[in-house]
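> Give me a model of this one.
(2 chains)
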Amino acid sequence: MNKFLITASAIALMAFAAPLAVAQDADTLVIGTDVDAGTLDPRLTRDTTASRTADLIYAGLVHITPTLEVVPDLAESWENPDPTTFIFKLRPDLTFSDGSPLTAEDVAFTYSTIIDPDFNAPQRALYTPIASVEAVDPQTVKFTLSAPYAPLLTYMDIGIVPKALVEGGHDLALQPIGAGPMKLVSWNRGSEIVLEANDTYWRGAPEIENVTVRIIGDNSARAQAFEAGDLDVIQSPLSPQDIERLANDDRFGNAIMAGLGVNYINFNTKDPLLTDPKMRQAFSMLIDQETIVNDIYKGVDQVAHSIILPSSWAYSDAISQPTFDLEGAVALFNELGWTDSNGDGFLDKDGQDLAVTLATHSEDPNRVQTIEYMQAIFEMAGVKATAQITDWPSFSTNYVQQGQHQIALLGWLNIVDPDRLMFAQLTTDGSTNWGGYSNPQVDALLQEARSTLDQPARAEAYQQAATILAEELPYFIVSAQGYQLFYAKDLPVEVQATPRGNFRGLIGFTD
Amino acid sequence: MFAYVVRRLLLLVPMAIGMVVVTFGLLLIIPGDPAAVLLGQDATPEAIANLRGALGLDDPWYVRLWDYFAGLLQGDMGRSIFLNQAVSQIIMGRLGATIELAVVALIIATLIGLTLGIVAAMRQGSLVDTLTMLFAQLGVSMPVYWLGLLLMLLFAVQLGWLPAIGRGPPMIDAIGAALTGRPGVLWDSLRHIALPALALAASSAAIISRLVRASMLEVLREDFVRTAYAKGLRRGRVVVRHALRNALLPVLSVIGLRFGALLGGAVITESIFAWPGLGQLTIAAISQRDLPLIQGLVLTFAIIFALVNLVVDLLYAAVDPRIRLR
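Take a look at the predicted model:
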């Protein structure tokens, strides 16, 4: 027994102590990510890892560049004979990575499944204006829309799937076959996705031969694994402390830019307390954006001024939501009849204290802190504020999405077009208009803005709508999310970051 | 003995049924709709309703429960809503990693716990004893999450000795490879498991060491130990042969229970070290309300735990011949 103990301890000690560097495969790019892909069928992706990996395995009609411009990918060109018709011309001799040809039939199949309600594609709402799609000839696809829909092109980067294979029962979710720059080698669920270059991609194989997408759920652990050299690239979401440290480390290159997401306050305009826009204004004046962004988010995000992101072509700095003004808010509450009549430190009206519930979800510690900080400021202003923190499924599906909230903090991502943050959210009876906001003038402007392909006219309409929204405040945009990417400096390619977080800029395609 | 084992195994059946029913009930109560989570924030209410129908979530609870049992009898644990794969397939693909981590952690915890406990008991009141018990106090009170990040910071980031994350080749294969003359594979495997296993083992090692110390102190005062010394036996022989064997009984049952705690701790350890086991999967499944997967995982954990307890009871009888299993 004694001997056994000693030997065993010695083995255990040896295992921990002696250093031995295992060199990482030199020609493999290892990307750290936060979640495993749920599926690698591009039509069904809903998490970031899935859509980013699918973007390597598949190619769409168009590609969205890091500056969010739409450029041809599988399509060679396209035209709009009228506002409700898009005709795409495919490149000649396209093939999937298994060697089978990619034709207009595959494109038509991809889009008709996405808009089929029974297919349950998560992004279906973005494509519903497509009334029909047909293959005119093997190289030409025609989309007919039910109404003019300007943002459509920015969603046409979705990967094209092989019709014959899918109809033959092939499971793309687990065994993806696409026409993109890479193809799947192996997928160890929850651990890593291994990809290799696809020589048949129409632009030729990428410079990087092998890519491994490694999943590490914890943000800090992912940052440490990167510092230890186990990963070549990491990107948002990262915790603010780690970003500060990595940005000051000259072993690593970085790209820190404005992202495509917002953190915002959703006011329930159907709640009796919040129906009056003036009440929403007063509450908005209690949101101390500067402190939230600089101290809680450590300056990683930017203070937002309106519902149009600074990165957008529609941005105008002339539009401004109310800014932090505690006395101003109290004065406005007084004007609306809320005063501290009984001297208990809380505002009241008709014998009722002014009380609201501030809600967010527990997964994001920065949002939890923000709500707690807001609660403190609300109390200073004489508002009885209750913080309610629950996990995401309870918070989103059973609370905010049912319109049961009063004031909720959450976010929207992937805002590649202003339409994406406004149309479904803020038009009357819009599918994600959980706060029940309704203003016919805003409805008309948002409808007009998506109906024309003329960008200056669109920008004008969005700015008008944003001006009204900055006053009526169904949404108060707290901050525009930042996007960060860190990479090892010895990578063999030039790194091109995109705020969408896609991977093509990491394997040698810089546009 | 054989009849005993069979009876214990048969008892697993009602236990499993109970577990399924309880989990099912809990999942009915907690808010959150997998269809809505699956489709994301952009989804329209119609799309969510449509998907609920397709997933069978609109059926009454007794129909769903019945369907689940009917499936189980045929070895079918259902299909994961989020991973698009059979639950049994997903679990089997990851079970090995979790068991490997828990077993290695248990071995480390037992080795450290026994060694420290014995040393502390033999030198009661000395500096060694104080330091050991200080370590035990630290080990018990340090959250595995925090310890894991600290270990990673020291051994992977600062010193660069060990990989920060991930799993090497499966240990079983690695041992096989080492026996056939390729020790490098086993080395790789050990280097990967070192940090997560150590982080996971710490609190168990601490608890075991305290228990061993207390138990040893008691036994060392017994008459038969004094007799052994009086016979002129060497100290080491008395401690290991006479005292330890008797002190081990309460320790053994605790080690068995710790295995359950290690499975629980693995949930956190795995997500920090990107260890591809069931723990990581459990967190994801719960946060997405992936009902069939949660059911399958709870059932798997329950069965493992029950089996481990059975093994502990059998070991009990082996160590102490006075115990008869009936």
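> Quick check: the residue of the stretch 301-450 of chain A nearest chain B.
Residue nearest to chain B within the stretch 301-450 of chain A: residue A:393 (2.7 Å; CB to the nearest CB). Any C-beta I mention is one placed from the backbone N, CA and C, and that applies to glycine too.
> would you list every one of the helices in the stretch 151-300 of chain A?
Secondary structure of the stretch 151-300 of chain A by DSSP state H, counting those that start in this stretch: the helices cover A:163-167, A:219-227, A:240-247, A:277-284, A:289-291.
> To clarify, my last question referred to the stretch 201-326 of chain B.
B:223-230, B:235-237, B:245-272, B:278-288, B:291-319.
> Does the fourth one pack against any helices or strands, and if so which?
Applying 3 or more CB pairs under 8 Å, 6 or more residues apart in numbering or on different chains; DSSP states H and E, one finds that helix B:278-288 contacts helix A:392-397, helix B:34-39, helix B:87-122, helix B:245-272, helix B:291-319.
> Same list, those, but as TSV with mean neighbour count and distance to residue A:335 please.
Conversion of these to TSV gives the following (neighbours: other CB atoms under 10 Å in any protein chain shown; distance: least, CB to CB, whole Å):
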stretch	mean neighbour count	distance to residue A:335
helix A:392-397	20	33
helix B:34-39	23	40
helix B:87-122	22	59
helix B:245-272	21	51
helix B:291-319	18	51
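> Single out the residue in chain B that lies closest to chain A.
For chain B, the residue closest to chain A is residue B:32, as judged by CB to the nearest CB, at 2.7 Å.
> what separates the closest residue to residue A:326 other than its chain neighbours from residue A:154, distance-wise?
Leaving aside its sequence neighbours, residue A:326 sits nearest to residue A:381 (CB to CB, 6 or more residues apart in numbering or on different chains; 5.7 Å). As judged by CB to CB, to the nearest Å, residue A:381 and residue A:154 stand 41 Å apart.
> Kindly state the domain boundaries assigned to the chain.
Going with chain A. Using the TED database, the domain ranges for chain A come out as A:28-232+A:491-506, A:259-482.
> please go with chain B instead
B:2-73, B:90-319 (automatic domain parsing).
> mind checking the end-to-end distance for stretch A:187-202?
End-to-end distance for stretch A:187-202, by CA to CA, to the nearest Å: 25 Å.
> quick check: angle from the helix or strand residue A:374 falls within to helix A:277-284?
Using DSSP states H and E, residue A:374 maps to helix A:365-380. For helix A:365-380 against helix A:277-284, the angle by axes from the mean of the first three to the mean of the last three CA atoms, to 10 degrees is 110 degrees.
> Could you double-check that residue B:105 lies in contact with residue B:204?
Yes: if you go by CB atoms under 8 Å, residue B:105 and residue B:204 touch, sitting 7.0 Å apart.
> Mutual contacts of these two, please.
Common neighbours of residue B:105 and residue B:204, using CB atoms under 8 Å, 6 or more residues apart in numbering or on different chains, are residue B:262.
> Burial check on residue B:141, number of neighbours?
9 (other CB atoms under 10 Å in any protein chain shown).
> can you tell me how far it sits from residue A:475?
According to CB to CB, residue B:141 and residue A:475 sit 45 Å apart.
> Spit out the contact partners of the residue of the stretch 301-450 of chain A closest to chain B.
Residue A:393 neighbours (CB under 8 Å, 6+ apart): B:31-34, B:36-37, B:287-289.
> at 7 Å instead, please
Applying CB atoms under 7 Å, 6 or more residues apart in numbering or on different chains to residue A:393 gives the contacts B:32-33, B:37, B:289.
> Stretch A:233-246 - what's its average pLDDT?
Averaging pLDDT along stretch A:233-246 yields 90.
> on that earlier part again, JSON lines for the helices of the stretch 151-300 of chain A, including distance to chain B and mean neighbour count?
Converted to JSON lines, these look like this (distance: least, CB to the nearest CB, whole Å; neighbours: other CB atoms under 10 Å in any protein chain shown):
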{"stretch": "helix A:163-167", "distance to chain B": "14", "mean neighbour count": "16"}
{"stretch": "helix A:219-227", "distance to chain B": "4", "mean neighbour count": "24"}
{"stretch": "helix A:240-247", "distance to chain B": "11", "mean neighbour count": "16"}
{"stretch": "helix A:277-284", "distance to chain B": "21", "mean neighbour count": "22"}
{"stretch": "helix A:289-291", "distance to chain B": "23", "mean neighbour count": "15"}
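> Quick check: which of the ones you listed is nearest to residue B:147?
Shortest distance between residue B:147 and the helices of the stretch 151-300 of chain A, using CB to CB, is found for helix A:219-227: 12.5 Å.
> what's around the closest residue to chain B within the stretch 101-250 of chain A, how many residues?
Taking CB to the nearest CB, chain B has its nearest neighbour within the stretch 101-250 of chain A at residue A:191, 3.5 Å off. For residue A:191, the count of nearby residues is 23 (other CB under 10 Å).
> Grab the nearest non-local neighbour of it.
Residue A:191 sits nearest to residue B:276 (CB to CB, 6+ apart), 3.5 Å away.
> same deal with residue A:114?
Closest to residue A:114 by CB to CB, 6+ apart is residue A:121, at 4.7 Å.
> now the one you found, what's its secondary structure?
coil (DSSP: H, G, I helix; E, B strand; the rest coil).
> tell me the contacts of it?
A:43-44, A:114.
> mind redoing it with 8 Å?
Neighbours of residue A:121 in contact, by CB under 8 Å, 6+ apart: A:43-44, A:113-115, A:127.
> ok, back up a step: closest one to residue B:165 among the helices and strands packed on helix B:278-288?
Residue B:165 lies closest, by CB to CB, to one member of these: helix B:245-272, at 8.3 Å.
> I'd guessed residue A:337 sits against residue A:349; true?
Yes: applying CB under 8 Å as the test, residue A:337 and residue A:349 come out as touching, 4.9 Å apart.
> who's more crowded, these two?
For residue A:337 versus residue A:349, neighbours defined as other CB under 10 Å are more numerous around residue A:349 (13 against 10).
> residues touching residue 307, list them.
Reading this off chain A. Per CB under 8 Å, 6+ apart, neighbours of residue A:307: A:418, A:421-422, A:466, A:469-470, A:475, A:477.
> Switch to chain B, please.
Here residue B:307 is in contact with residue B:12 (CB under 8 Å, 6+ apart).
> what does the one 3 residues further on give?
The contact partners of residue B:310, by CB under 8 Å, 6+ apart, come to B:5, B:8-9.
> Get me the contact residues on the stretch 201-326 of chain B for chain A.
Contact residues (CB under 8 Å from any CB of the partner chain) of the stretch 201-326 of chain B with chain A: B:236, B:240, B:244, B:271-274, B:276, B:280-281, B:283-284, B:287-289.
> again, only using 7 Å
B:236, B:240, B:271-274, B:276, B:280-281, B:287, B:289 (CB under 7 Å from any CB of the partner chain).
> Give me the buried entries from the residues you listed.
Buried members of these, counted by 16 or more other CB atoms under 10 Å in any protein chain shown: B:271-274, B:276, B:280-281, B:287, B:289.
> hmm, which two among these are most spread apart?
Farthest pair in these, by CB to CB: B:273 and B:289, 25.5 Å.
> ok, and the most crowded of the contacts of residue A:121?
When neighbours are counted by other CB under 10 Å, residue A:43 leads these with 26 neighbours.
> Helix or strand: which one has that residue?
Counting by DSSP H and E, residue A:43 is part of no helix or strand.
> Nearest to the spatial middle of chain A, which residue is it?
Geometric centre of chain A, nearest residue: residue A:413, 2.7 Å, by CA atoms, centre = their mean.
> Can you verify my assumption that the residue nearest to residue A:191 contacts residue A:190?
Yes: the criterion here is CB atoms under 7 Å, and residue B:276 meets it with residue A:190 at 4.8 Å.
> Grab the nearest non-local neighbour of residue A:98.
Among residues not flanking residue A:98 along the chain, residue A:177 sits closest, at 5.2 Å (CB to CB, 6+ apart).
> Tell me how many other residues crowd the one you found.
20.
> buried residues in stretch A:402-410?
Neighbour-count burial for stretch A:402-410, counted by 16+ other CB under 10 Å, picks out A:405-410.
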